[in-house]
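[1] Provided below for reference: sequence and predicted model.
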Amino acid sequence: MNTRHTVVDTTLGPVTIVAEGDAVTGLYFQHHTRRPARETFGAVATGDTLLAEAATQVRDYLAGRRQGFALPLRADGDAFQRAVWSILNEIPYGGTTTYGRIAERLGDRGLAYRVGQAVGANPLCVLVPCHRVLGANGNLTGYAGGLERKRALLELEEPAQVRAGRLF
């Protein structure tokens with residue numbers, strides 16, 4: 001397959017977008033906890049229409065001009081990870097859920113820790129909205145891109161009526 005990447009400057013810092021063939025396969029922040037080795041990203045692409053469109057959509061999302069993505073995505077993972085990532089895609093813009101609720105949807109609340117591992121292994125950060133998953137008490141918990149970025153993404157998506165009711 002033709003693996004290639006581009007690095008895009010965003011309001012949350014540089015983002016590396018990786019594509020393989022006709023699909024986006026990775027989106028990683030600088031200092032991303034589970035960032036693969038640079039060699040796996042392939043060559044730097046110039047003039048690549050898929051990567052250019054992905055960059056445009058990510059920038060538009062971060063600027064508040066779009067609420068979802070219309071990109072061909074492909075994430076490598078085991079069956080459990082793919083099931084978790086599928087549920088992440090169902091969390092609406094501005095919505096959140098917990099690891100426990102995802103585990104319940106998978107049939108066993110006891111899977112919450114394993115759900116957390118799958119969420120953390122999501123290679124399509126932002127595009128597959130793992131930032132919308134919170135701890136059981138509603139607190140921000142781990143995020144491979146860093147908790148400050150998770151907070152920024154949640155604030156970006158925060159419904160206006162909730163934002164208006166905040167004291168800070």
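    Perfect, I can see it now. Numbering: from 1, shown residues only.

[2] hey, which helix is longest across the chain?
    Under DSSP state H, the helix in the chain containing the largest number of residues is helix 49-62.

[3] contact partners of that one?
    The contact list for helix 49-62, computed with Cβ atoms under 8 Å, 6 or more residues apart in numbering, reads 4-6, 8, 10-12, 15, 17, 19, 22-24, 27, 45, 66-72, 126-127, 156. In short, each C-beta sits where N, CA and C put it, glycine included.

[4] Just the buried residues of stretch 106-114, please?
    106, 111-112, 114 (16 or more other Cβ atoms under 10 Å).

[5] tell me what whichever helix or strand comes after the longest helix of the chain is packed against?
    Following helix 49-62 in sequence order, the next helix or strand is helix 79-90 (DSSP states H and E). Packing partners of helix 79-90 (3 or more Cβ pairs under 8 Å, 6 or more residues apart in numbering; DSSP states H and E): helix 99-105, helix 112-120.

[6] Now tabulate the buried residues of stretch 106-114 in CSV and tack on distance to residue 82 and pLDDT.
    Shown next, in CSV, are these (distance: Cβ to Cβ, whole Å; pLDDT from 0 to 100):
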residue, distance to residue 82, pLDDT
106, 12, 96
111, 14, 95
112, 18, 94
114, 13, 96
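
[7] Quick check: the farthest pair among these?
    106 and 112 (9.7 Å; Cβ to Cβ).

[8] Burial check on residue 54, number of neighbours?
    24 (other Cβ atoms under 10 Å).
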